[in-house]
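Asker: Sharing a model that was predicted from the sequence below.
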Amino acid sequence: MRRYRVENCSIERTLAVLGEKWTFLVLREAFNGVRRFADLQALTGAPRQVLSARLTRLVDEGLLRKVPYQEPGQRQRDEYRLTQKGLDLYPIMIALMHWGDRYVADPEGPPVVVTHRDCGAPVSLHMTCADGHEVAGPREATPQPGPGARLSATA
């Protein structure tokens, strides 16, 4: 069996950006259209300093962008809006929600059901290969070295 180095693992690098609770809660609210700091703080329950740090990181990583706004008689502030890079996380957020609905929801069921805006049917995720075949789970998939794979010294 060949062993590959994992210092360039895409999962590890993604977790370095996203891998903690407050980040996911901020993203949850951003996908729900919440844009302002005070609203994000109220809805996530994040401490002010934690939220500020997470928003800075999400902006630095290009997942959110700041857009200035000013209420009459107030100083200028920033709203936080998802970028395309941030929007591309939507399937991950839906997958996390569906897993939670299945395994950790209240007995009454999930608190939120995401539906298709056009027809009202519930949204579901499916994996397919490039040829269009549905992949039901890990037993139907095989990890292969990609172009960034590097052999380890102990192969």
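Answerer: Nice, I can see it. Everything numeric in this text was worked out from a predicted model, so none of it was measured.
Asker: which residues touch the residue most central in space within the chain?
Answerer: By CA atoms, centre = their mean, the chain has its centre lying nearest to residue 89, at 4.2 Å. Going by CB atoms under 8 Å, 6 or more residues apart in numbering, residue 89 touches 18, 27, 63. Every residue, glycine included, has its C-beta placed from N, CA and C.
Asker: Okay, now the unreliable bits of this structure?
Answerer: Low-confidence segments of the chain, defined by pLDDT under 70: 1-2, 154-155.
Asker: Show me where it has its helices.
Answerer: Here the chain has its helices, by DSSP state H, at 10-18, 21-31, 37-44, 48-60, 84-87, 90-103.
Asker: Now do the buried residues in the longest one.
Answerer: Of the residues in helix 90-103, those buried by neighbour count under the rule 16 or more other CB atoms under 10 Å are 97-98.
Asker: Relative to the whole chain's centre, how far out is that helix?
Answerer: Counting by CA atoms, centre = their mean, to the nearest Å, helix 90-103 is centred 10 Å from the centre of its parent chain.
Asker: which other residues reach that helix?
Answerer: Here helix 90-103 makes contact (CB under 8 Å, 6+ apart) with 24, 27-28, 31, 109-110, 112, 114, 123-125.
Asker: can I get the contacts of residue 89 in TSV with neighbour count and distance to residue 47?
Answerer: Below are the contacts of residue 89 laid out as TSV (neighbours: other CB atoms under 10 Å; distance: CB to CB, whole Å):
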residue	neighbour count	distance to residue 47
18	16	19
27	23	17
63	24	20
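Asker: Neighbour-wise, give me the winner out of the contacts of helix 90-103.
Answerer: Neighbour tally across those (other CB atoms under 10 Å): the maximum, 23 neighbours, falls on residue 27.
Asker: residue contacts, it?
Answerer: Taking CB under 8 Å, 6+ apart, one finds 18, 58, 63, 86, 89, 93 in contact with residue 27.
Asker: Same question for residue 136.
Answerer: Contacts for residue 136 (CB under 8 Å, 6+ apart) come out as residue 127.
Asker: Looking at the helices of the chain, which is nearest to residue 73?
Answerer: Between residue 73 and the helices of the chain, the shortest gap by CB to CB is with helix 37-44, which sits at 16.2 Å.
Asker: Now do the closest one: distance to the chain's middle.
Answerer: Helix 37-44 has its C-alpha centroid displaced from the chain centroid by 18 Å (CA atoms, centre = their mean).
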